[in-house]
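Participant: just the structure for this:
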Amino acid sequence: MINIMNKKLLTTFLIFAATLFSAESWAQTWNLTQTMTATLDNAGVLTISTTKSEGEAMPDYYDYSVVPWDGVRSNIFSAVIGNNISTISQWAFYGCGSLISATIPNTVTSIGDLAFLNCRSLTSITIPNSVRSIGIMAFAYSGLISLTIPNSVTTIGGGAFNNCTELSSLELSNSLISIAGLVPGTNNVGGTFANCTSLTSVVIPNSVTTIGYYAFGGCTNLATILIPKSATTIESGAFYDCNVKDVTVEWNTAAAIPKVSVPVPLNPNANSPIINALFTNVETATLHVPAGTKALYLAADVWKDFGRIDDGTPAAIVVISNPSLYAFITHNVLKVESPQAEKITIYSAKGTQLYSTTKSAGMIEIPVSSLHGSVLIIKGSVSGTVKVVKR
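Facilitator: Predicted structure coming up:
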């Protein structure tokens, strides 16, 4: 009995000692420089501060393993960067899987490479308008849900937000010059926003001149895209494997329409093949172009592959027989109307059946994206036939 009691007391003591030791190990302070310290408190808040009033950069680390708090990364729930810190170093918070918030002051001008890589619990971040650059893979594989990049940012490194699979809302800086493609020397790590599978739309700001190889590749729910006329260089794969439904472009002349370039392999030893297509599966997508330029895009490689090209010109309607059947296209929807219930069948100009349904008296609506070709022949089993020409 005494031995059993002793064992229970010993077990209780060991648990208490382990808990006490663990709690004490959380509260630590590291001297990063003579004037900068990092302190982790018992609540899991890591605070980095400097006594320099003119600003001080965090030391850079060549690997995550040499970051002073590497051994206690899992204990960090919040990071507070103090005033007068000017840069966040590379690898600083890499793999801090418990990190749920990070406070960045408006004295920070750059966020280093891999700074928040693999911070899966970090769902939001406020980037102040003092930040001018965001490093390679700085927030890759993080849990970000929404992101606003302030207009102060002019440079974003390759892969900075790739594989942020929860990112569904994105607002880009109006000062951004390029959206980088694959990262050289990293076994073809994806482009800046590659594999952000929750992203559904993106507006490229009119400051951007270059959209890199696979920049948005693998964004499998990205359906709506606006590309400004400032973008003069677009590399293949930029929107590869996206669910493209609606693209708006702004180039007014044939000469301005960018030729899609195929880059040389960034890593010759990588297994990934070079992707030669800008988009995939756009046969049912709509391309919106400036007024009067439809013919230019119909003759241009890549852009001519879209199922529908819209320059704002309304569809023409030709009555072949019996005017009691009426059809027109508006807002990417074909509307077919007749006064009686009947079977409606739609054919291409070559006679291929594209669609068939039985409707009640009145109007039905059919998405144009499901109807291939520029000419549609609509036949009613009772009311006759009309031809609609997409323009």
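Participant: where in this structure is pLDDT low?
Facilitator: 1-26, 183-189, 263-276, 313-323, 391 (pLDDT under 70).
Participant: where exactly do the helices run in it?
Facilitator: Assigned by DSSP state H, the chain shows helices spanning 2-26, 294-298.
Participant: just the buried positions in the last one, please.
Facilitator: Using 16 or more other C-beta atoms under 10 Å as the burial criterion, the residues of helix 294-298 that qualify are K294, L296, Y297. C-beta coordinates here come from the backbone N, C-alpha and C atoms, glycine included.
Participant: go on, stretch 45-64?
Facilitator: Those would be V45, L46, T47, I48, S49, T50, E56, A57, M58, Y61, Y64, for stretch 45-64 by 16+ other C-beta under 10 Å.
Participant: go on, stretch 113-127?
Facilitator: Per 16+ other C-beta under 10 Å, stretch 113-127 contains these buried residues: D113, L114, A115, F116, L117, N118, C119, L122, I125, I127.
Participant: the second one and P150, how far apart?
Facilitator: Translated: L114. Note on L114: its distance to P150, by C-beta to C-beta, to the nearest Å, is 21 Å.
Participant: can you check the fourth one too?
Facilitator: Look at F116 and P150: by C-beta to C-beta, they are 16 Å apart.
Participant: is it true that I378 touches I344?
Facilitator: Yes. With contacts counted by C-beta atoms under 8 Å, I378 reaches I344, the gap being 6.6 Å.
Participant: which neighbours do these two have in common?
Facilitator: V336 (C-beta atoms under 8 Å, 6 or more residues apart in numbering).
Participant: per-domain residue ranges of this protein.
Facilitator: Per automatic domain parsing, the structural domains of the chain span 24-108, 123-312, 316-389.
Participant: of those, flag the one that's most buried.
Facilitator: Mean neighbours per residue, mean count of other C-beta atoms under 10 Å, is largest over those for domain 123-312, with a mean of 19.
Participant: how far is that one from where the chain is centred?
Facilitator: 8 Å (C-alpha atoms, centre = their mean, to the nearest Å).
Participant: ends of that domain, how far apart?
Facilitator: 40 Å (C-alpha to C-alpha, to the nearest Å).
Participant: from the buried residues of helix 294-298, which is closest to T210?
Facilitator: When these are compared for distance to T210 (C-beta to C-beta), Y297 wins out at 21.0 Å.
Participant: distance of the residue nearest to that closest one when sequence neighbours are not counted relative to I329?
Facilitator: Nearest non-adjacent residue to Y297, counting by C-beta to C-beta, 6 or more residues apart in numbering: W303, 4.4 Å away. Using C-beta to C-beta, W303 is found at 20 Å from I329.
Participant: so what pairs up with the nearest residue to K379 once chain neighbours are set aside in the strands?
Facilitator: Once flanking residues are discounted, K379 sits nearest to T385: 4.6 Å by C-beta to C-beta, 6+ apart. Counting by DSSP bridges, T385 is bridged to S321, K379.
Participant: distance check, T385 against N252.
Facilitator: Taking C-beta to C-beta, one finds T385 at 38 Å from N252.
Participant: follow-up on the earlier one: the residue nearest to K379 reaches I377, doesn't it?
Facilitator: Yes. Counting by C-beta under 8 Å, T385 touches I377, with 6.5 Å between them.
Participant: OK, contacts around the closest residue to S360 other than its chain neighbours?
Facilitator: Using C-beta to C-beta, 6+ apart and skipping residues adjacent in sequence, the residue nearest S360 is A341, 5.0 Å away. By C-beta under 8 Å, 6+ apart, the residues touching A341 are T358, K359, S360, A361.
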